[in-house]
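> All I have is the shape, not the residue letters:
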């Protein structure tokens with residue numbers, strides 16, 4: 001065992017404080033600047049919060065001031081609704097984003113009693129170890145819903161390294177997490193850029209409006225002159241693809257000479273399937289098999305891996321098919337309207353459709369058009385439960401389409417963004433695998449550190 005490391009108990013260094021039972025009838029989905037009640041659903045299963053892709057609720061009532069949370073404070077999940085208890089003890093830090101957060105019940109707040117002896121970041125990664133989770137699961141109460149308690153958390157025993165090694169361990173793991181977070185934010189920005197361009201060209205028709213405004217002022221100008229004045233940032237050959245006026249349609253004004261086209265005419269619709277679960281040779285192969293649980297968070301568009309995999313025999317003996325890279329997948333039943341763009345060839349289950357665009361080459365136009373179609377279908381539900389998408393649903397929705405050359409121009413512009421997003425996602429998966437490998441070895445002392453850079457370079461090699 002690592003020298004200078006001593007057996008310790010969490011309760012000697014921290015205490016766990018319960019949250020407040022905030023009244024659910026005083027919650028609000030509208031975010032107006034009031035405090036947000038942190039819930040278990042806001043936690044990532046791998047640690048940290050996911051406020052960007054989960055529902056946040058404000059609290060509109062009075063509460064004791066001691067349940068206000070400060071940026072950087074750590075909360076632990078103390079209730080898990082699955083029998084495996086996968087998220088018991090999962091930690092997350094309160095973000096420093098200008099918003100106020102509240103300490104809800106069934107979440108334990110970590111209060112450090114001896115800050116000179118234990119480093120907060122070291123504790124955070126200790127909470128992420130499988131050993132910590134297993135200890136809480138084994139001592140939990142309940143069957144379908146597992147509960148732990150402050151006393152059970154505080155009795156957990158571990159090997160405590162000297163503070164300088166705690167800092168070194170935390171530095172290595174934090175460096176990996178920071179790079180993963182940087183990639184996530186970059187991908188969020190790149191996707192927003194692609195969405196904004198799509199919205200401008202194919203939904204709001206901004207280039208057409210700009211050309212129309214210039215044409216009204218200068219009716220005798222040539223199209224080239226109008227393009228230069230109205231769309232100076234676009235290449236002339238792209239600007240020329242947009243008309244300079246509108247015409248009426250069943251959906252209102254659309255660019256002149258554009259056609260209202262059923263969405264189903266723009267895509268090839270592919271069904272999925274499930275190999276027999278009773279046949280072992282169909283499962284645990286090397287072909288990713290997509291279901292709605294594999295749909296990426298809002299900051300990602302790519303599906304690069306799946307929870308379950310199947311074999312070629314599973315494909316050949318079921319109705320599922322291998323979808324090529326750059327296929328849009330949409331969930332059509334259950335949790336409806338979740339989207340992904342395949343980064344690698346994969347199959348999918350029967351609750352999804354694969355959409356292969358008949359326009360464009362890189363799949364971005366089809367993916368973003370599908371997002372727009374989902375929004376239109378949701379609006380068309382008029383308050384009804386939106387629980388199924390069928391092939392007929394795609395036929396009912398019409399979209400305005402111009403010349404296919406414009407779609408090609410759009411995809412050529414956004415393709416570098418997609419490739420950068422895909423590369424960042426692959427890098428983040430590699431870094432996450434490295435972190436998950438290093439984490440238990442560093443925390444247990446199996447892998448010792450003196451200089452952080454040496455450990456990282458050795459681990460990567």
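Ah, there it is. Given the structure is predicted, the values throughout are model-derived calculations rather than measurements. Numbers count the residues shown, from 1 in each chain.

> For the stretch 201-350 of the chain, just list every one of the helices.
With DSSP state H, counting those that start in this stretch as the definition, the stretch 201-350 of the chain shows helices at residue ranges 206-217, 223-230, 236-239, 312-316.

> Nearest to residue 127, out of the ones you listed?
Between residue 127 and the helices of the stretch 201-350 of the chain, the shortest separation by C-beta to C-beta is 37.8 Å, and it involves helix 312-316. All C-beta atoms are positioned from the backbone trio N, CA, C, and that covers glycine.

> TSV for the helices of the stretch 201-350 of the chain, including distance to residue 447?
TSV is the format used below for those (distance: least, C-beta to C-beta, whole Å):
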stretch	distance to residue 447
helix 206-217	55
helix 223-230	61
helix 236-239	54
helix 312-316	38
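
> now the ones you listed as JSON lines including mean neighbour count?
As requested, these are arranged in JSON lines below (neighbours: other C-beta atoms under 10 Å):
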{"stretch": "helix 206-217", "mean neighbour count": "18"}
{"stretch": "helix 223-230", "mean neighbour count": "18"}
{"stretch": "helix 236-239", "mean neighbour count": "16"}
{"stretch": "helix 312-316", "mean neighbour count": "16"}
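
> As TSV, the ones you listed with distance to residue 189 and mean pLDDT would be great.
Converted to TSV, those look like this (distance: least, C-beta to C-beta, whole Å; pLDDT from 0 to 100):
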stretch	distance to residue 189	mean pLDDT
helix 206-217	20	97
helix 223-230	27	97
helix 236-239	23	96
helix 312-316	37	97
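
> Return the list of helices and strands in contact with the longest strand along the chain.
Secondary structure of the chain per DSSP state E: the longest strand is strand 283-290. For strand 283-290, the elements it packs on are strand 308-310, helix 312-316, strand 347-348, judged by 3 or more C-beta pairs under 8 Å, 6 or more residues apart in numbering; DSSP states H and E.

> Which residues does that strand contact?
With contacts defined as C-beta atoms under 8 Å, 6 or more residues apart in numbering, strand 283-290 is touched by 272, 275, 277, 294, 303, 305-306, 308-315, 320, 322, 329, 340, 342, 344-349, 352.

> tell me the mean pLDDT for stretch 380-390?
In this model, stretch 380-390 carries a mean pLDDT of 68.

> Also stretch 151-163?
The pLDDT scores in stretch 151-163 average 96.

> how about it: buried residues?
152, 153, 154, 156, 158, 160, 161 (16 or more other C-beta atoms under 10 Å).

> and which of the residues you listed is nearest to residue 108?
Comparing the buried residues of stretch 151-163 against residue 108 with C-beta to C-beta places residue 153 closest, at 6.3 Å.

> Just the buried positions in stretch 232-246, please.
Applying 16+ other C-beta under 10 Å to stretch 232-246 flags 234, 238, 239, 240, 241, 242, 243, 244, 246 as buried.

> residue contacts, the closest residue to the fifth one other than its chain neighbours?
The spatially closest residue to residue 241, leaving aside those adjacent along the chain, is residue 406, at 4.5 Å (C-beta to C-beta, 6 or more residues apart in numbering). For residue 406, the contacting residues are 201, 238, 241, 242, taking C-beta under 8 Å, 6+ apart as the criterion.

> Kindly reformat the residues you listed as TSV containing distance to residue 89.
Output for the contacts of residue 406, formatted as TSV (distance: C-beta to C-beta, whole Å):
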residue	distance to residue 89
201	48
238	54
241	56
242	56
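
> Can you tell me which of those residues is nearest residue 446?
Within the set of the contacts of residue 406, residue 201 lies nearest residue 446; the separation is 54.7 Å, counting by C-beta to C-beta.
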